[in-house]
Every structure is written in structure tokens, then in C-alpha cells.
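Peer 1: what's the 3D shape of this:
(chains A and B)
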Amino acid sequence: MRAALCFSHFQLSRCQIHTFAGSWWKKVHNFSRKGENSSKFQSLGPNICSLHGGHSKRLNNIEGKNIISRRVNNIGQQMANLTQSSLNSSRVEISECKSVHIEQKIVENEDITKPITIIVFDTETSGLKRKDDRIIEIALQDLSGGENSTFQTLVNPDKIVTNSNIHGISEDMVDLPEVPRMEALIPILVQYVKSRQKPGGQVLFISHNCKSFDFPFLINEFRRCFYEIPSDWHFLDAMSLARAVKKAEGSELSSISLQSLREYYKIPLIGEAHRAMADVNVLAQVLQKMTHDLKLTVSGLLKSYAFTETIDNSKKKKNSR
DNA sequence: GGCCCTCTTTAGGGCCTT
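Peer 2: So this is what the prediction gives:
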């Protein structure tokens, strides 16, 4: 009902917001918390990739607290309070947007005592080339659960979809008036995420192969549409955890693909594979298993699986070889 | 494209994402 109200407000019935019952993050990481609302996060810095300025640097030994997400009971009211002006305010004109180089910056001087909202996400695209291809579907799941904890929508890429055989998303499905284009979707997406954030808090996005795939695609879409990624959005690649699980002694994990992880942990597939929300559901459960196997607290997760350098720097390093 | 591994490091191949 509230979701309907939200979309009525935004005239976006084409997007879907659902309730995700329960929070596995709470259950799995209870051992890292002293109290229901006062999880200790020892370090956020070294492991989180952000987009705001400054050089790539590590932050060490900084303590912070995370208040695990509580159900946002008043989301309907929050969304209803969003005004067009607030939507417009999230739009940042970029006078010079000639470069599409991806610059990942490690969080610097970030106040990590701020509460964190952890969102698993996945994108389906029209192909693998980040410069030429576009996002055609995106799905998000806030691991804190509660009402409106998931968001998913198809996206009209305004270009040919050549890989329908992979995800089953055809041009007929996205080339429809009710399917938003990215430039229309971005402010909605930003506001949805904002509705999941705790006051003054930050957001950690996790996806499989985030660093090399979902993140660059997302950045390119934002830049193409003359938006900036909010400075309090941070990213983490779940594939790093998969490598650690595979490398662990006695592990029988055959590969670090999401499918192998799903089979390894005997997680049933709900929906079609290679559809964004289905993959998000799988990754959310895989994350639970991997962090358990690796005995990772949230702070440990963040400490050990950081982005430590920019993609641009990596490119320079590679080219210099 | 980024990451990891190795038959490596003055490099190259395979995996993963769609």
C-alpha cells in the first residue's frame, strides 16, 4: 500500500518495491554486536570504495558504530515528503563530462561512526562492454529487511539488446512507455536509497563482480545522464569473499561464480537465473554463508576486502608494464 | 576491466560479470 503511494507520488508504477522479511545481517553478525542497536564497526575505511575527491588512501584503526537497520515503518511518509525540488537537488550538472574514466576513491576522512545501510544489488545489461552497453535492469535489496526493502525495475536502454539469450530480457520488454530510461530512473533510485538510509548514515552497495562490472556500468550511466553518485554511497565486491572461501583449506568450491556459490551452499534458485532480483536474492544468501564460513564480522569484512587502488591507477600500472 | 595465479615480477592466461 505504501509502495503504491510512493509510486503514485513519483508516477512510477513501473518500478517495484517489495518487503523483505527479516534481516539476515542481524542474525549472522550478532556475535559482532554488543547490543541490538550498537554494532561495533572497527574500520570502514580501507575496504570501501567511494567516488568523492581526493587521492586513494587507506584509513586504519578507525572505530565506528553501525546501528543495524531497523524497519523503516514510516517509509510511506518519507517518500510522500519527497518533493520535486529534492529530486532536482540531487541532480548535479557536470559542465565537462568528456571523460568516462572510472575513478574509485577509497573513503577519506569519512565519519564512520555513521550508521550504515547495506544494500545488495545486481544489474543486467545489454552486453559486456561498459563503454557501449547499457543497464537494462537493476535490482536492490536492503539487508536490514522490513517494508519496501527491495527495489527492481527494467530500464529502457534506447539501444539494441543483443544478449537476450543470457537474461531473457528482450527489446520488446524494455522498449515500452512504462519502462523508464536511466535519466528518469536515477533520481527515483537515489531517493529510494535515501529512504533506506538512517539519518546522516552511509550506504554500502555489494554485488558480485562489483568492481569490474556493476560499479563501472553504474558510474557510466550516472555520468552519461549528468548525475553524480552520492558521496555517501560506497561499494564492495563480493567476489573477493568468494576467492577467500575457495582458497580456504578443505573448501570444495569449484569456482567463484555466483552459480557455483549457490550450488555450493545449496541455495534454491527463486525466479530466473540472470535476472537482477533473482541474483540479488541468491547473493544475499551467499553473503550470509560466506561471512559465516570466513568468520567475518562486518568490520572484518570491510577491513579485509577493500578496494585499495583506483581503476585508473590499475590501468596505468598495467599499461606501464 | 580487474583480479588472481603461476610455467611471474621486463608477463600472460583464465575467470567473472552480461
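
Peer 1: Strands of the stretch 101-250 of chain A, residue ranges please.
Peer 2: For the stretch 101-250 of chain A, applying DSSP state E, counting those that start in this stretch gives strands covering A:105-106, A:116-125, A:135-142, A:146-154, A:202-207, A:233-237.

Peer 1: Average pLDDT for the first one, rounded please.
Peer 2: In this model, strand A:105-106 has a mean pLDDT of 40.

Peer 1: Is A:I270 in a helix, a strand, or coil?
Peer 2: Classification of A:I270 using DSSP: H, G, I helix; E, B strand; the rest coil returns coil.

Peer 1: Hmm, it is touching A:A284, no?
Peer 2: No: using CB atoms under 8 Å, A:I270 makes no contact with A:A284, being 11.1 Å away. Quick note: C-beta positions are derived from backbone N, CA and C, even for glycine.

Peer 1: Looking at the two, which one has more neighbours?
Peer 2: Taking other CB atoms under 10 Å, A:I270 and A:A284 do not tie; A:A284 has more neighbours (22 against 10).

Peer 1: For A:R223, see how far away the closest residue to the more buried one other than its chain neighbours is.
Peer 2: Using CB to CB, 6 or more residues apart in numbering and skipping residues adjacent in sequence, the residue nearest A:A284 is A:V120, 4.8 Å away. Taking CB to CB, to the nearest Å as the measure, A:V120 falls 23 Å from A:R223.

Peer 1: the more surrounded of these two?
Peer 2: A:V120 (26 against 17).

Peer 1: so what's that one up against?
Peer 2: A:V120 sits next to A:L140, A:Q141, A:L143, A:F205, A:I206, A:S207, A:V280, A:L283, A:A284, A:L287 when contact means CB atoms under 8 Å, 6 or more residues apart in numbering.

Peer 1: residue in the stretch 51-200 of chain A nearest to DNA strand B?
Peer 2: Taking CB to the nearest atom of the strand as the measure, the stretch 51-200 of chain A has A:E124 as its residue closest to DNA strand B, at 3.3 Å.

Peer 1: Quick one: residues contacting the residue lying closest to that residue once chain neighbours are set aside.
Peer 2: Leaving aside its sequence neighbours, A:E124 sits nearest to A:E137 (CB to CB, 6+ apart; 3.9 Å). If you count contacts by CB under 8 Å, 6+ apart, A:E137 has them with A:T123, A:E124, A:Q152, A:T153, A:L154, A:V155, A:H167, A:I169, A:R275, A:A276.

Peer 1: Now, of those residues, which are buried?
Peer 2: A:T123, A:E124, A:Q152, A:T153, A:L154, A:V155, A:H167, A:I169, A:R275, A:A276 (16 or more other CB atoms under 10 Å).

Peer 1: returning to what we had before: quick check: which of the strands of the stretch 101-250 of chain A is buried the most?
Peer 2: Among these, the stretch with the highest mean neighbour count (mean count of other CB atoms under 10 Å) is strand A:116-125, at a mean of 26.

Peer 1: average pLDDT across that one?
Peer 2: Here the average pLDDT along strand A:116-125 is 93.

Peer 1: Just the CA atoms of that strand, as CSV, please.
Peer 2: Taking Å, rounded to 0.1, in the frame of the first residue of the first chain, the C-alpha atoms of strand A:116-125 are listed here in CSV:
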residue,chain,number,x,y,z
ILE,A,116,25.4,2.0,7.5
THR,A,117,22.7,0.7,5.2
ILE,A,118,23.9,-2.4,3.4
ILE,A,119,22.3,-3.0,0.0
VAL,A,120,22.9,-6.0,-2.3
PHE,A,121,22.4,-5.1,-5.9
ASP,A,122,22.7,-6.5,-9.4
THR,A,123,22.4,-5.2,-12.9
GLU,A,124,21.5,-6.8,-16.2
THR,A,125,23.0,-5.1,-19.2
